[in-house]
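J.: Using only what follows, build the 3D model:
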Amino acid sequence: MKLNKFRIVNYKAIIDSGECDLLSDKITILAGQNESGKTSILESLRDFDVDQEISPEAKPDGKDNANPEIICEFSIDKSDIEEIENDAEDNVVVPKEIKDEILKDKVVIIKKSFPSNKYSLDDNLISVWQQLAPQPPEAKESEAGAEAEKPAEAKPEPKNVAELQEKLADRLMRIVPYFVYFEGFNDRLPKKKYIEQIANKDEFGYQAVQDFIKLAEIDIERLKTETDDKNIDNYLDGKSANVTGDFLTYWTQKVDGVSQVKIVAERKHDDKGYYLNFFVKDDDSKKYPEQRSKGFLWFLSFYLRLNAESLEKKDIGAVILIDEPGSYLHSKAQADVLKILENKIAKDNQVIFSTHSSDLIDPKRLNRVRLVLNKRGAGTKINKLTARDPGDVDFADALSPIVAAIGKDLGKGFDLVAKKNVLLEGISDYYYLSALRDKTDFKLGQDIKLIPMSGVFKIEYMASLMLGWGLDFVVVMDRDGNSNQEYKVLTEELNIPKDKIFQIEGGKAIEDMFTQGDFKKYILQDTAQTIPIGTANSDYINKNQKVVLAQKFFETYNQSRLTLEQDSKDRFKKIFDFIKSKF
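T.: Numbers count the residues shown, from 1 in each chain. From the prediction side, this is the model:
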C-alpha cells in the first residue's frame, strides 16, 4: 500500500490543511518560511501511526470542542484485501459490497480521530456498509415468492456497523506503510561502547551504535565470545568497509581537508570487559567521531538512522517524515542530503520533508513541492505551486526558496559567449521560449543563445558588454512602462538599432502570449480556474509565481508535445520569426 494524499483538521495551528496530494513523486517537499506550520504537519502524520493519546499541545488553542483528525488515502489492491481475509487469527470479514467499493478506485481512506484515538473508514464506505443492514419486517414481507426460498447472506446489524468498520480500519493499519518521524539526528557514534551495554537504551550513543551494527550486519554474540583478536579485527574491518563504501557514495565533501575517510569499529578489552571503539579514519589520522565537524557528524547520524530504519521497515515500506534536514550543512553538503533521499531512501519508501533551503529543492522536479502558509483566521494551509495568490506577501515569501533554486540551476555552467545571442528581460521569458524553441511551429537553431536577465533594466549592461565584445545580439522585451523606458535607453544612449529590439505584441508580458485557454491548461494546469474579465494572464499571477510556473512549464513540455491554440501560436511565432530574421 502507498500513501496517496492526506488532510489534517484541528491540529495545533491547522484548522484545515486542505488535501496534500503525493501521487506525482515518492518525495514530497513542504516549503515555507519559519512558523508556517511545516513541523505541525509532520507531527500530525507521526501521530496518525502511534498507538497513544495525542499530546495536549496538539489540540487547537481556544477551541475546546474542536477535536483533531488526520485523514489519509492509501492505494490498495486485491492482494491486500485477500491478506486480511485469509488472516484466520483476526477473523475480519469484508463483505463483497465493501470489497467491490474499495477496489473500484483501488483506494481506501482511513481517518484517525482524537481524543477517541480510533481509526475509521470514510463516510462513503460506512454508508455502503449501513445499506447492507437487515431491512425492516414490512419490507421483508413484501419480498415473497421465489426469493423466499433463496438462502440469505448474513447481514450486519446497524448497531454493529461502527464496530465492524473500525475493526477493518484497524486491520488495514497493519499493512499500510509505517510513519517514521525524524525531528533531529543528534545521536552520535560514541568513541567507546562496552559490548554488554550495547542494548542499554539509556547509554549515550545507543541509537547510532544500533544503527551501525544493523547496517554492518555485525554479530554481537561473536564479539562477546570470539577470543582471537586477529580474527575479530579482520571481521570488523570487513563489516566496517561495507558501511564506509556505501556512505561515501553519498557523502562527497571533504572531512578536515580529506575527501576519503573510513568509518571504523575496533574491539578492545579492559578490566570491565570487551568494548567497541569507533573512529573516523583517513590516511593521516584516526580520530574519534566527536573530533570531526558537526556537519559530518550530523550527516553520518542521518545516514545511519535513515538506512537502518529503512532496512527494518522494508517488509511494507515507510513514509519517512523529516523536519528541516541538513541545518548544520553548507549548500554542497545539503545536495548530498537530497542525493541520499533520492537514490537510497526513496527507492523503497516515501519521503516527506520540510525545508526553507533552496539547496534541497530540485528545480527540475517542482512537482514535489508544496507550499505551506499560515494565515490569520485560516491557519496553516498546504498549497500547490499553481495556487493563485497574486500580490500575497506570504505566498511570495514561501516561493522564495524555489525561485532561488531555479536561479542557482540556471547559473550552473551558463555559457554567455556565442556568436548569436538573444537578450531576454527575465527568467520566465527564458523558460517559455526554451521550451518552445524546438517545436515544429517555431524551430530555432541551436547556434542561437537565449540569455535571461534578472529584470528589464539589466539589459543595458549586458548589451554594453555585447557591444564591447563585438558579439551579435538582439533584444526581446515586454511591452509595459519599464520596458518602454529601457527601450529608450537602448536606442538613444547605446545607439542600438530599433530593428534589433522586439517588444512583444498581443500583451504586455510573456504570459500574455498564451490565450486564456492555453494559459489555464498549460501554465496553471487547472482549466476550472476563473480569470476575471479584463484581467491579463500576467496580472493573474504574482512575480515570484511567474518564475516557478515558467520553470514548471519548461520541465513538463521541453521534451513533450503540446497543442497550442492558433492565437497562441501566432504570437509566439512573431517572436521566433523576429529572432531568426536577424541572424
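J.: Let me see the ranges of the strands in the stretch 201-350 of the chain.
T.: 262-270, 273-281, 286-287, 318-323, 350-355 (DSSP state E, counting those that start in this stretch).
J.: Let's have the ones you listed in JSON lines, adding distance to Met173.
T.: Where C-beta positions appear, they are placed from N, C-alpha and C, glycine not excepted. Shown next, in JSON lines, are these (distance: least, CB to CB, whole Å):
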{"stretch": "strand 262-270", "distance to Met173": "37"}
{"stretch": "strand 273-281", "distance to Met173": "38"}
{"stretch": "strand 286-287", "distance to Met173": "45"}
{"stretch": "strand 318-323", "distance to Met173": "13"}
{"stretch": "strand 350-355", "distance to Met173": "16"}
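J.: And this protein, what are its domain boundaries?
T.: Listed by automatic domain parsing, the domain ranges of the chain are 50-143+154-175, 183-308, 414-581.
J.: Of those domains, which is nearest Ala31?
T.: domain 414-581 (10.5 Å; CB to CB).
J.: Let me see the ranges of the helices in the stretch 151-300 of the chain.
T.: Using DSSP state H, counting those that start in this stretch, the helices of the stretch 151-300 of the chain run over 158-172, 206-216, 220-225, 229-250, 294-312.
J.: starting at the chain centroid, how far to stretch 49-61?
T.: Centroid separation for stretch 49-61 versus its chain: 25 Å, with CA atoms, centre = their mean, to the nearest Å.
J.: Would you mind listing the residues in contact with Gly426?
T.: Taking CB atoms under 8 Å, 6 or more residues apart in numbering, we find Gly426 in contact with Pro452, Met453, Ser454, Gly455, Val456, Ile510, Lys546, Val547.
J.: in this protein, which segments are predicted with low confidence?
T.: For the chain, applying pLDDT under 70 flags the ranges 23-24, 62, 133-159, 255-259, 386-396, 407-417.
J.: I'd like to know which of the strands of the stretch 201-350 of the chain is closest to Val128.
T.: With CB to CB as the measure, strand 318-323 is the member of the strands of the stretch 201-350 of the chain nearest Val128 (27.4 Å).
J.: In its sheet, which strands sit next to that closest one, and in what direction?
T.: Looking at strand 318-323 with DSSP bridges, its partner strands are strand 178-182 (parallel), strand 350-355 (parallel).
J.: and Leu494, what is it in contact with?
T.: Glu460, Ala463, Ser464, Leu467.
J.: Now neighbour count too, for the residues you listed, in a markdown table please.
T.: Shown next, in a markdown table, are these (neighbours: other CB atoms under 10 Å):
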| residue | neighbour count |
| --- | --- |
| Glu460 | 17 |
| Ala463 | 22 |
| Ser464 | 14 |
| Leu467 | 13 |
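J.: Which single one of those residues is nearest to Arg561?
T.: So of the contacts of Leu494, ranked by how close each gets to Arg561 (CB to CB), first place is Ala463, at 35.2 Å.
J.: Torsion angles phi and psi at that closest one?
T.: phi -60, psi -40 (degrees, to the nearest 10).
J.: Am I right that Ala31 is in contact with His356?
T.: Yes - using CB atoms under 8 Å, Ala31 is in contact with His356, at 6.6 Å.
J.: any common contacting residues for those two?
T.: Residues touching both Ala31 and His356 (CB under 8 Å, 6+ apart) are Pro401.
J.: higher neighbour count, those two?
T.: In this view Ala31 and His356 are compared by other CB atoms under 10 Å, and Ala31 has more residues nearby, 28 against 19.
J.: Need phi/psi at the more buried one.
T.: When read as degrees, to the nearest 10, the backbone of Ala31 gives phi -100, psi 140.
J.: which residues does it bridge with?
T.: Bridge pairing for Ala31 - DSSP bridges - gives Thr355, Leu371.
J.: Can you tell me how far it is from Ile406?
T.: 13 Å (CB to CB, to the nearest Å).
J.: Contacts only, for Ser36.
T.: Residues counted as contacts of Ser36 (CB under 8 Å, 6+ apart) are Val372, Leu373, Asn374, Thr380, Ala398.
J.: Check for me that the second one belongs to a helix.
T.: Read that as Leu373. No - counting by DSSP: H, G, I helix; E, B strand; the rest coil, Leu373 is not found in a helix; it is strand.
J.: quick one: it from Lys38, how far?
T.: Applying CB to CB to Leu373 and Lys38 gives a distance of 10 Å.
J.: repeat for the third one
T.: Taking CB to CB as the criterion, Asn374 is separated from Lys38 by 9 Å.
J.: likewise the last one?
T.: Distance of Ala398 to Lys38, given as CB to CB: 10 Å.
J.: Now list whatever residues contact both of these two.
T.: Shared contacts of Ala398 and Lys38, defined by CB under 8 Å, 6+ apart, are found at Gly32, Val372.
J.: Check the burial of Cys20 by counting its neighbours.
T.: Cys20: 22 neighbours (other CB under 10 Å).
J.: thinking again about what came up before, which of the contacts of Gly426 fall within helices?
T.: Residues of the contacts of Gly426 located in helices (DSSP state H): Lys546, Val547.
J.: Now rank the contacts of Gly426 by neighbours and give me the top one.
T.: Most neighbours among the contacts of Gly426, by other CB under 10 Å: Ile510, with 26 neighbours.
J.: ok so, going back, for Tyr328, find the nearest of the domains of the chain.
T.: Nearest to Tyr328, of all the domains of the chain, is domain 183-308, at 4.4 Å by CB to CB.
J.: so can I have CSV of the strands of the stretch 201-350 of the chain showing mean neighbour count and distance to Leu189?
T.: Converted to CSV, the strands of the stretch 201-350 of the chain look like this (neighbours: other CB atoms under 10 Å; distance: least, CB to CB, whole Å):
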stretch, mean neighbour count, distance to Leu189
strand 262-270, 16, 8
strand 273-281, 19, 5
strand 286-287, 14, 12
strand 318-323, 24, 20
strand 350-355, 24, 23
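J.: Nearest to Tyr206, out of those?
T.: Using CB to CB, the strands of the stretch 201-350 of the chain put strand 273-281 closest to Tyr206, at 12.7 Å.
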